[in-house]
Each structure stands twice: as structure tokens, then as C-alpha cells.
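Chemist: Okay, here's the prediction I keep looking at, along with the sequence it came from:
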Amino acid sequence: SRTTAKSDTPRSRTTLLDLPRRPRRNRKAEWSRRMVRENTVTVEDLIWPIFVMDGERDRQVVESMPGVFRMTVDEAVAEAERAASLGLPAIALFPYTNPALRDARGSEALNSDNLVCRALRAIKRAVPEVGLITDVALDPYTSHGHDGVLNGTDVANDATVELLVRQALVQAEAGADVIAPSDMMDGRIGAIRKALDAADRTDVQILAYAAKYASCFYGPFRDAVGTCATLIGDKRTYQMDPANGDEALVEAELDVAEGADMLMVKPGLPYLDVVYRLKERFKLPTFAYQVSGEYAMIEAAAANGWLDGEKAMMESLLAFKRAGADGILTYFAPRVAERLARG
Ligand code: PBG
């Protein structure tokens with residue numbers, strides 16, 4: 001009968017089940033797996049966030065992010081040249097501001113000669129073909145570590161937006177190609193778009209951190225930009241509640257209506273449902289930020305020999321693509337680019 005294997009035949013029948021569909025057929029060989037593969041990670045998908053600091057020819061390890069450094073501008077230029085040669089499309093810049101320059105209003109954010117502006121000019125000059133993305137938010141510049149100015153203990157929305165608009169103009173003037181507001185104030189995308197247009201900078205793109213959650217996964221980043229120790233309280237009155245999914249659609253809808261060219265979801269891997277929903281709904285270029293804590297988790301487990309770090313890195317990036325992300329901001333960017341270049 002069909003269901004009994006005969007032991008006396010040279011090649012015993014192994015068909016026990018009557019299955020018209022066997023999904024494993026397509027997985028039987030590497031060539032077939034390659035042929036049916038739905039998603040791939042390419043160098044074009046990767047945006048590299050880097051940390052800059054004052055000084056010359058120097059770099060410091062970020063304790064909680066092994067393999068990630070704060071770099072002086074000249075070192076950052078060299079890294080941008082490496083990024084360009086690897087084919088990375090863009091770099092996102094984050095400053096470690098000298099604590100002496102931080103104040104309650106984040107004034108240094110408006111200094112056209114601040115660290116980020118100097119880095120923008122130097123990198124633009126050296127590698128004009130690499131896109132430069134800057135974060136709009138006051139946290140690297142405030143003495144209290146919040147993304148805006150305080151009114152009592154709360155971050156004042158409208159007063160903060162006025163400052164963010166000026167910060168965005170300063171960054172655009174210094175050479176930022178893409179303005180990425182990560183502050184989560186209401187109405188800032190529209191205000192920034194209007195101001196850029198009024199300054200005849202309709203060319204500057206806006207990447208809205210449309211859905212940015214109040215997440216513990218930013219811990220190592222705050223270490224990198226030096227806001228860990230200074231942050232008073234938390235950011236839950238402006239960043240989103242991790243419990244909410246529908247609210248991400250509300251946030252994104254406003255940002256789109258106000259003129260966002262691209263959307264971002266942050267953190268990444270724990271919020272893939274949000275990536276998926278935003279991409280489905282708005283069809284705009286949608287990015288995911290694999291944040292510092294996600295990087296740290298993979299690196300820590302790999303350092304302990306608890307998982308294969310290289311594989312975890314690649315699998316996590318592929319997961320973003322599968323969820324619909326058009327690209328990923330990731331600290332792994334140069335490592336992945338080098339790996340892809342090796343083939
Ligand atoms: C600043 C900002 C943060 C991150 C990017 N921009 C930190 C925060 O909101 O506290 C986090 C990035 C990361 O963790 O890698 N507004």
C-alpha cells in the first residue's frame with residue numbers, strides 16, 4: 001500500500017502522507033532557496049549613525065556599545081570616506097556636546113559653528129555623494145537632557161518647536177540633506193517645512209521620527225551622547241507609550257500631512273508591527289532605527305558566546321526588510337557593508 005515502506009526494495013518509499021502541498025520542496029537546495037527568496041539586505045538599505053566629539057585625531061569607545069566610537073570631526077571625515085567607498089548611501093550625525101556648553105535652553109543647538117555643523121561642512125566637502133542626516137532635538141545640548149525646553153517639569157511644546165525650527169535651519173545651512181526631527185513635539189514637521197521653504201530650501205528632505213517610543217532601548221545612546229547622567233525624569237510626556245500601535249498611525253498621519261518626505265519607526269525590532277502598518281498605510285519611504293540597545297543586546301550575547309553575532313546581525317536586518325522597511329539606521333552599517341562587499 002501507499003503508506004507502508006517496503007524494506008526489501010533498494011530505495012524504500014518514504015511517502016507516508018498524502019500531501020499535494022509540501023512547502024519544503026522549495027527549500028531543498030541552496031539554489032532553490034536563493035531563487036524563491038523574497039527579501040535581501042543590500043548596502044543601499046543601510047544608514048550609518050555616527051557620534052562626533054570635540055578634539056583632533058581621537059576616538060573614544062562607547063562603553064555600552066562595543067565597536068562604536070565617538071570620533072573627532074577629522075576621524076568622522078575618514079569614516080565618511082570609508083562609508084562612501086563601501087557604498088553606504090547616508091550617514092546620520094549625533095554630537096557629544098561638551099557639558100560646559102549645555103544649558104537649560106539648549107542654546108548650542110543654534111550655534112552655526114557647533115559640532116554637528118562643523119562635521120556637516122567637513123564631511124560634505126570630503127564626500128559630497130554621501131547623504132547627511134541630522135537629528136533635530138535639543139537633548140544633546142540641554143543641561144537637563146530633555147529634547148526641548150522646560151516649563152516647570154514639562155517640556156513646553158510650542159516654545160520648543162520655535163527652537164527646533166531654528167536648529168533645523170542652522171543644520172540645513174551647514175549642509176544637512178535630510179532633517180530628522182526626533183523630538184516628538186506636536187506640529188514640528190509643519191513648522192520646519194514652512195521655515196525651510198521660506199528660506200528657499202525646498203530641496204531639504206524631512207525624515208520624521210513619526211513613531212518614536214519612550215523606550216529603555218536608548219540607554220547606550222544616552223551614554224554615547226552624554227545624557228545618561230543628566231536626564232531628569234523620563235520622556236514619557238512626548239515619546240510614545242510602548243503599549244500603543246494605533247497611535248503611531250495618528251502620529252504618522254499628522255507628519256505626512258505636515259510635509260514629511262519619509263517616515264521612521266524607533267526602536268526597530270520590538271516595533272516591527274508599527275513598521276509594517278506605516279508602510280502599508282502611507283506608502284512613503286519608511287525606515288526603522290535599530291537603536292543602541294538593540295545593538296548592545298546582540299553584541300553582549302555574542303561576546304558571551306550565547307549567540308552568533310554575525311548571524312544575529314544579518315537576521316535582524318532581514319527582518320526589517322520583511323516587515324516593509326525601505327532602509328535601516330544601524331550601528332552595524334559599515335560591518336554589514338564590508339560583509340556584503342566580500343560576498
Ligand atoms: C534624541 C535621540 C535619541 C536617539 C536618537 N535621537 C535618544 C532619546 O530620545 O533619548 C536614540 C538612538 C539610539 O538609541 O540608538 N532625541
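Modeler: Looks like it came in fine.
Chemist: can you give me how far stretch 156-167 is from the chain middle?
Modeler: Centre-to-centre, stretch 156-167 and its host chain are 23 Å apart (C-alpha atoms, centre = their mean, to the nearest Å).
Chemist: Next: stretch 207-227.
Modeler: That offset, for stretch 207-227, works out to 10 Å (C-alpha atoms, centre = their mean).
Chemist: what do you get for stretch 292-310?
Modeler: 18 Å.
Chemist: just stretch 226-238 next, same as before
Modeler: That offset, for stretch 226-238, works out to 19 Å (C-alpha atoms, centre = their mean).
Chemist: Quick one: neighbours of residue 121, just the number.
Modeler: The number of residues packed around residue 121, counting by other C-beta atoms under 10 Å, is 17. Every residue, glycine included, has its C-beta placed from N, CA and C.
Chemist: So residue 272 lies in a helix, does it not?
Modeler: Yes: using DSSP: H, G, I helix; E, B strand; the rest coil, the secondary structure at residue 272 is a helix.
Chemist: excluding its backbone neighbours, what's nearest it?
Modeler: Using C-beta to C-beta, 6 or more residues apart in numbering and skipping the chain neighbours, the partner closest in space to residue 272 is residue 323 (4.2 Å).
Chemist: what's the distance between the one you found and the ligand?
Modeler: 18 Å (C-beta to the nearest ligand atom, to the nearest Å).
Chemist: mind checking the backbone torsions on whichever residue of the stretch 51-200 of the chain sits closest to the ligand?
Modeler: Of all residues in the stretch 51-200 of the chain, residue 137 sits closest to the ligand, at 3.6 Å by C-beta to the nearest ligand atom. Taking degrees, to the nearest 10, you get phi 180, psi 150 for the backbone angles of residue 137.
Chemist: The one 5 residues further on too?
Modeler: With angles defined as degrees, to the nearest 10, residue 142 shows backbone torsions of phi -90, psi 150.
Chemist: Over to residue 51?
Modeler: phi -110, psi 130.
Chemist: OK, contacts around the closest residue to it other than its chain neighbours?
Modeler: In space, and not counting its chain neighbours, residue 51 is closest to residue 70: 4.3 Å by C-beta to C-beta, 6+ apart. Applying C-beta atoms under 8 Å, 6 or more residues apart in numbering to residue 70 gives the contacts 51-53, 59-60, 62, 96, 224.
Chemist: Could you do residue 223 as well?
Modeler: Contacts of residue 223 by C-beta under 8 Å, 6+ apart are 62-65, 292.
Chemist: what's the spacing between it and the ligand?
Modeler: On the measure of C-beta to the nearest ligand atom, residue 223 and the ligand end up 9 Å apart.
Chemist: same thing with residue 305?
Modeler: 25 Å.
Chemist: What's the local residue count around that residue?
Modeler: The burial count for residue 305: 8, using other C-beta under 10 Å.
Chemist: again, but for residue 168
Modeler: 27.
Chemist: And the host helix or strand of it, what does it pack against?
Modeler: Residue 168 belongs to helix 157-174 when assigned by DSSP states H and E. Helix 157-174 sits against helix 115-126, strand 131-136, strand 178-181, helix 188-198, with contacts defined as 3 or more C-beta pairs under 8 Å, 6 or more residues apart in numbering; DSSP states H and E.
Chemist: relative orientation of the last one and helix 157-174 in degrees?
Modeler: Using axes from the mean of the first three to the mean of the last three C-alpha atoms, to 10 degrees, the interaxial angle of helix 188-198 with respect to helix 157-174 works out to 40 degrees.
Chemist: May I have helix 188-198 exported as CSV, CA atoms only?
Modeler: Extracted C-alpha coordinates of helix 188-198, given in CSV (Å, rounded to 0.1, in the frame of the first residue of the first chain):
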residue,chain,number,x,y,z
ARG,A,188,7.2,70.4,14.4
ILE,A,189,7.2,68.9,10.9
GLY,A,190,4.9,71.5,9.5
ALA,A,191,6.8,74.3,11.2
ILE,A,192,10.1,73.1,9.9
ARG,A,193,8.8,72.6,6.4
LYS,A,194,7.4,76.1,6.3
ALA,A,195,10.6,77.6,7.6
LEU,A,196,12.7,75.7,5.1
ASP,A,197,10.5,76.7,2.2
ALA,A,198,10.5,80.3,3.4
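Chemist: Indicate each strand paired with the helix or strand hosting residue 208 and its parallel or antiparallel sense.
Modeler: For residue 208, the element it lies in under DSSP H and E is strand 205-212. For strand 205-212, the paired strands and their directions (DSSP bridges) read strand 178-181 (parallel), strand 262-266 (parallel).
Chemist: hmm, it in reach of the ligand?
Modeler: No: Strand 205-212 is not in contact with the ligand by C-beta under 6 Å from any ligand atom; minimum separation 6.8 Å.
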